[in-house]
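> sequence and computational prediction follow.
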Amino acid sequence: MTDAAPPREVKTLYVAEAEDGIRLDRWFKRRWPHLSHIQIEKLARSGQIRVDGSRAKPQDRLTAGAAVRVPPIPDPRVRDPADKPRISDRDAAYAKSLVLYEDDLVIALNKPAGLAVQGGTKTTKHVDRLLSAWGEGMDRPRLVHRLDRDTSGVLLLGKGPEAAKRLAGAFARRQAKKTYWAIVIGNPKPAAGQIDLALKKSGINDFEIMRPADPKEHGAEPAETAYVMLSRAAHRAAWMALRPFTGRTHQLRAHMAAIGHPILGDPKYGTPESAELSGPLKLQLHARRIELDHPGGGKLIVEAPLGPEMKAGFAHFGFSEDEADPDPFHGVKRMR
């Protein structure tokens, strides 16, 4: 069941059978694409969103038949007076400088490492805020997926509710082919393969970490990643292409650490050995390429050039980005 118009009163909607396992925030975004992640978080944090009568977090997964309390949803055409004022001309120019591709329905940004996608209690400059550079209300682009703060690369946005809905749906259905580049310690063997290892979130806030878990363990989520070694620097380090088939928090970082080859420059999932090899290098993880159906028809393929953090890693180990196959995962499919 879907609700096209924003409800003006509290409603109870039920999770469809086909939506079993969907995250709460994605369930809301499917119905009201104009809602920002921050708005959904506020509604959940204040207890206005409830699932089967209980408070819920945006990342909680829903089960078929669950009753979701839906509070009045802000009209996309009306700007909330509590919203922060428009960004400065300088910030707007900065946002526009990140554009890799733009048309009437889609914007692709090259997100730099260190810039958060969404805000938090200690984060005031983030991509979601910078989207005011394109306008407010219906003119404001919508986030349709996320990247970690310290991961650089392609970030897609939808222009208008319908385009955002179609893009978000492609990510939710795992139809987007994402290729990441990473530099890891050592040489994975075999040089190409797939990691099928469930992950579970442990800890809180800044100490939150994803750890390997038994698939039957409460809170464990299935996670699948394909990998291919593109080049290596003797036995010290390897340049990897990574393709996540699922979208778990820190999935690539946790999976590479789990097989004994943590990504360099990663303070959370690294080891003393990888930290020593990393030296001053920042996180060596870059969202290089995204391929998916364009909401207006045809294919959309966007690639992001390396940022200064990854360039430093490539220079240090002698890798050259022009040596890589644009799609090293051609023909590779999920294991299950």
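Sure, I can see it.

> pLDDT averaged over stretch 196-208 - what is it?
With pLDDT averaged residue by residue, stretch 196-208 scores 82.

> and it, which residues are buried?
In terms of neighbour count (16 or more other CB atoms under 10 Å), stretch 196-208 has its buried residues at 196-201. From N, CA and C alone the C-beta is placed, and that goes for glycine too.

> report all helices and strands that the one helix or strand A238 maps to contacts.
In this structure, A238 sits in strand 237-244 according to DSSP states H and E. If you count contacts as 3 or more CB pairs under 8 Å, 6 or more residues apart in numbering; DSSP states H and E, strand 237-244 packs onto strand 177-185, strand 224-233, helix 251-258, helix 308-317.

> give me the mean pLDDT for the last one.
It stands for helix 308-317. 97.

> mind listing the helices for this protein?
24-31, 37-45, 89-97, 127-130, 161-172, 251-258, 272-278, 308-317 (DSSP state H).

> tell me the angle of the fifth one relative to strand 177-185?
Comparing the axes of helix 161-172 and strand 177-185 via axes from the mean of the first three to the mean of the last three CA atoms, to 10 degrees yields an angle of 50 degrees.

> contacting residues around helix 161-172?
Residues from elsewhere that reach helix 161-172 (CB atoms under 8 Å, 6 or more residues apart in numbering): 22, 26, 29-30, 32-34, 76, 105-106, 138, 141-142, 144-145, 156-158, 176, 247, 292-293, 295-296.

> need the buried ones from these selected in ChimeraX.
In ChimeraX, a selection of the buried entries from these looks like this (16+ other CB under 10 Å):
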select :22,26,29,30,32,33,34,76,105,106,141,142,144,145,156,157,158,176,247,292,295
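
> so can I have CSV of the helices and strands packed on strand 237-244 showing mean neighbour count?
As requested, the helices and strands packed on strand 237-244 are exported to CSV (neighbours: other CB atoms under 10 Å):
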stretch, mean neighbour count
strand 177-185, 25
strand 224-233, 20
helix 251-258, 24
helix 308-317, 18
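
> keep only those of the buried residues of stretch 196-208 that are in strands.
Among the buried residues of stretch 196-208, the subset assigned to strands under DSSP state E consists of 196, 199-201.

> for V228, state which of those is nearest.
Lowest distance from V228 to these (CB to CB) belongs to D196, with 16.1 Å.

> now do the contacts for that closest one.
222-224, 335-336.

> wait, which of those residues is closest to A95?
A223 (31.9 Å).

> ok, of the buried residues of stretch 196-208, which one's closest to L115?
K201 (23.2 Å).

> from E273, how far out is that closest one?
Note on K201: its distance to E273, by CB to CB, to the nearest Å, is 25 Å.

> A254 now?
17 Å.

> same deal with G298?
From G298 over to E273 the distance is 46 Å, taken as CB to CB.

> who's more crowded, the two?
Neighbour count, other CB atoms under 10 Å: between G298 and E273, E273 has more, with 11 against 8.

> thinking again about what came up before, quick one: strands adjacent to the strand holding A238?
Within its sheet, strand 237-244 is paired with strand 177-185 (antiparallel), strand 224-233 (antiparallel), according to DSSP bridges.

> still on that earlier bit, let's have the helices of the chain in a markdown table, adding distance to A18.
Putting those into a markdown table (distance: least, CB to CB, whole Å) gives the following:
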| stretch | distance to A18 |
| --- | --- |
| helix 24-31 | 11 |
| helix 37-45 | 21 |
| helix 89-97 | 36 |
| helix 127-130 | 28 |
| helix 161-172 | 11 |
| helix 251-258 | 24 |
| helix 272-278 | 41 |
| helix 308-317 | 39 |
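
> looking at those, which is closest to P58?
helix 24-31 (3.8 Å).

> for the closest one, packing partners?
On a contact count with 3+ CB pairs under 8 Å, 6+ apart, helix 24-31 meets helix 37-45, helix 161-172.

> mean neighbour count, those: which tops it?
Mean neighbour count (mean count of other CB atoms under 10 Å) peaks for helix 161-172 among these, with a mean of 20.

> got the contact list for V70?
Contacts of V70 by CB under 8 Å, 6+ apart are 3, 7, 10-13, 49.

> from T271, how far out is the nearest residue to E303 once chain neighbours are set aside?
Spatial nearest neighbour of E303, chain neighbours left out: R289 (4.7 Å); criterion: CB to CB, 6 or more residues apart in numbering. As for R289, its distance to T271 is 28 Å (criterion: CB to CB).

> over to G260?
For G260, the distance to T271 (CB to CB) stands at 9 Å.

> try L197
For L197, the distance to T271 - CB to CB - is 18 Å.
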